[in-house]
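Novice: Dropping a prediction and its sequence here:
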Amino acid sequence: MELYQLRCFQAAVEEGGFKRAAIRLHITQPALSYQVKRLEDELGVPLFHRRPRGASPTEAGRVLLQHAQKIMSGINKAERAIQELAEGVRGEIRIGTVDSVGIYFLPPVLRTVRSMFPAACPKLLYRNSNDIMEALLSNELDLGILANPGPDRRLQQEILIEEHLSLVCSHSHPFFGIPTVKTSELKGMEFAALSPGTPSGSLIRKYLARLGVSIEVVATTDNVETVKKMVEAGLGIAFLPDMATKHDIPCEKTRVGRLWRSEVDPPLSRQIVLVNWKDSSMNRATKAFVEQLRQHSHEWRACTDEKSLGIKST
């Protein structure tokens with residue numbers, strides 16, 4: 001029994017078939033089938049029920065999977081422990097995230113990690129949530145920091161923060177200066193919108209559909225900054241994550257912001273979630289990054305709580 005055969009077998013079980021497993025392992029499907037067949041011949045039992053729409057493990061396959069997972073986990077831990085012993089807190093941290101989180105939320109974390117561990121090298125990949133989940137499962141990323149990701153039994157998720165998506169308008173709009181807007185007041189309004197392909201865009205679309213609110217979308221884009229510029233130019237109003245507009249709105253009565261942010265009733269919010277493999281061991285650099293990420297999230301929540309209570313920070 002070879003480790004490579006076990007890797008092929010484990011991937012086929014976790015992916016529910018040979019085609020997706022071959023893509024994950026970057027090999028051809030016949031090559032993967034050959035390795036699994038060799039393993040079955042060696043053990044003398046079939047490991048899969050092969051069907052037109054995929055493959056599922058037999059009872060023997062399920063037993064083998066339990067042991068294969070423990071073996072692979074032990075090998076990964078041994079490799080990383082030896083590497084860390086030799087290198088210390090250094091190396092690449094592969095992070096997948098969406099635009100708004102990468103632009104507005106992560107920079108303070110990256111700055112702290114860089115100052116504390118100069119040999120650590122965070123590498124950010126900007127993609128949509130589905131692509132990042134696939135990259136995690138293919139071991140192309142160590143961590144995903146996503147907005148409202150879908151569930152996946154192979155991955156663990158940790159909620160970092162929950163933030164509002166507020167209604168944003170320019171100085172010339174009738175909503176300017178209004179603290180709270182009811183969704184019934186949005187009917188027929190012109191909107192610059194995040195495209196439904198983005199996590200927040202999809203959330204906003206479902207929110208309005210659930211409330212039966214019909215709006216007029218004048219332009220759509222995947223880019224949060226572009227939406228802000230459209231709103232500022234008077235093309236329409238928009239729903240945007242609060243982290244994207246914190247420097248664009250007035251924080252004191254004496255300072256006039258470029259934009260105005262209103263809460264909506266009922267409220268709209270999203271969750272920023274840390275996603276990674278279950279039972280996976282992290283190298284020291286990745287652990288340091290996650291620690292700082294959690295600390296930053298805690299400070300963010302505390303700041304948000306103060307604002308919601310009307311407390312002025314000193």
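Specialist: The structure has been received and is ready for your questions. Numbering: from 1, shown residues only.

Novice: Endpoints of stretch 159-179, how far apart?
Specialist: Its first and final residues considered, stretch 159-179 spans 28 Å by Cα to Cα, to the nearest Å.

Novice: Run the chain-centre distance for it.
Specialist: Average the C-alpha atoms of stretch 159-179, do the same for its chain, and the two points are 23 Å apart (Cα atoms, centre = their mean, to the nearest Å).

Novice: Tell me which stretches of the stretch 151-300 of the chain form helices.
Specialist: With helices called from DSSP state H, counting those that start in this stretch, the stretch 151-300 of the chain shows them at 199-211, 224-232, 242-245, 284-308.

Novice: what's the closest of the ones you listed to residue 161?
Specialist: With Cβ to Cβ, the closest approach to residue 161 among the helices of the stretch 151-300 of the chain belongs to helix 284-308: 5.1 Å. C-beta coordinates here come from the backbone N, C-alpha and C atoms, glycine included.

Novice: circling back to that earlier point, now the helices of the stretch 151-300 of the chain in CSV, with mean neighbour count and mean pLDDT?
Specialist: Formatted as CSV, these follow (neighbours: other Cβ atoms under 10 Å; pLDDT from 0 to 100):
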stretch, mean neighbour count, mean pLDDT
helix 199-211, 18, 94
helix 224-232, 19, 94
helix 242-245, 21, 92
helix 284-308, 16, 82
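
Novice: To residue 91, which of these lies closest?
Specialist: Each of the helices of the stretch 151-300 of the chain has some distance to residue 91 by Cβ to Cβ; the shortest is helix 284-308, at 4.9 Å.

Novice: Remind me what the closest one packs against, helices and strands.
Specialist: If contacts are counted by 3 or more Cβ pairs under 8 Å, 6 or more residues apart in numbering; DSSP states H and E, helix 284-308 sits against strand 91-97, helix 107-116, strand 120-126, strand 143-147, strand 155-169, strand 269-277.

Novice: Mean neighbour count and distance to residue 23 for the ones you listed - can I get that in TSV?
Specialist: Conversion of those to TSV gives the following (neighbours: other Cβ atoms under 10 Å; distance: least, Cβ to Cβ, whole Å):
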stretch	mean neighbour count	distance to residue 23
strand 91-97	21	17
helix 107-116	15	31
strand 120-126	16	18
strand 143-147	25	18
strand 155-169	19	17
strand 269-277	19	17
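
Novice: Could you provide these in JSON lines, with additional columns for mean pLDDT and distance to residue 258?
Specialist: Converted to JSON lines, the helices and strands packed on helix 284-308 look like this (pLDDT from 0 to 100; distance: least, Cβ to Cβ, whole Å):
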{"stretch": "strand 91-97", "mean pLDDT": "89", "distance to residue 258": "26"}
{"stretch": "helix 107-116", "mean pLDDT": "89", "distance to residue 258": "20"}
{"stretch": "strand 120-126", "mean pLDDT": "88", "distance to residue 258": "25"}
{"stretch": "strand 143-147", "mean pLDDT": "94", "distance to residue 258": "24"}
{"stretch": "strand 155-169", "mean pLDDT": "94", "distance to residue 258": "10"}
{"stretch": "strand 269-277", "mean pLDDT": "94", "distance to residue 258": "23"}
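
Novice: Tally up the residues packed near residue 16, please.
Specialist: Other residues within reach of residue 16 by the criterion other Cβ atoms under 10 Å amount to 14.

Novice: where does it fall, phi/psi-wise?
Specialist: Note on residue 16: backbone dihedrals following degrees, to the nearest 10 are phi 70, psi 20.
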